[in-house]
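A.B. asks: sharing a sequence plus its predicted fold:
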Amino acid sequence: MSIDSLDARLIATLRRFPRVGLLEVARQLGVARGTVQARLAKLEARGVITGHGPEVDPAAMGYPISAFILVELAQGELAAAVAIMQSIPELLEADAISGPQDLICRVVAQDTEHLQDIVNQITASPAIRRCTSYIVLTRQVPPRTMPLIEAAAQPSRRGVG
């Protein structure tokens, strides 16, 4: 399902002013409060909007090292590996991928020694065959969704045929 320009403007307003009330959002968008509330409820029900919590910068919390870890699993051990990973608070996300490795994980650490401890926790499990870590030097494009939202609100750019 797609979103329209009002949905895109609503999401953009909430991203720009996350603490603003719905009445103010309605005023800024030039629509009724009920319209904003109904649109927001539909976007949440469809899973387009997944949260309203504050975004947190791990570096500001004392975790300046960011890294990606590629994980190769022992055959049939995905559930066991995921259970280990869920127990590590510094492991922020893990995605199953195609290719020679099975998972890619994003982790944060206080320093490189702490990163080594995290890798050691992961590899201590017999579910994990091998890990390769890559330290992030600098972030060139931060996590973002607004360009996608703006593009989704436009008429399709794909050619027909």
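C.D. replies: Yes, it's here. Residues are numbered from 1 along each chain as shown.

A.B. asks: contact partners for D117?
C.D. replies: Contacts for D117 (Cβ atoms under 8 Å, 6 or more residues apart in numbering) come out as A109. For every residue, glycine as well, the C-beta is placed using N, CA and C.

A.B. asks: which is the next helix or strand following whatever helix or strand it lives in?
C.D. replies: According to DSSP states H and E, D117 maps onto helix 112-123. Sequence-wise, the next helix or strand downstream of helix 112-123 (DSSP H and E) is strand 128-135.

A.B. asks: and that following strand, average pLDDT?
C.D. replies: Averaged over strand 128-135, pLDDT sits at 97.

A.B. asks: for that strand, which positions count as buried?
C.D. replies: I128, R129, C131, S133 (16 or more other Cβ atoms under 10 Å).

A.B. asks: now do the contacts for the second one.
C.D. replies: Under the criterion of Cβ under 8 Å, 6+ apart, the contact partners of R129 comprise E72, L73, A74.

A.B. asks: at 6 Å instead, please
C.D. replies: For R129, the contact set (Cβ atoms under 6 Å, 6 or more residues apart in numbering) comprises E72, A74.

A.B. asks: and the third one, by the same measure?
C.D. replies: Going by Cβ under 6 Å, 6+ apart, C131 touches I69, V71, V119, I122, T123.

A.B. asks: how about 7 Å then?
C.D. replies: Taking Cβ atoms under 7 Å, 6 or more residues apart in numbering as the criterion, C131 is in contact with I69, L70, V71, V119, I122, T123.
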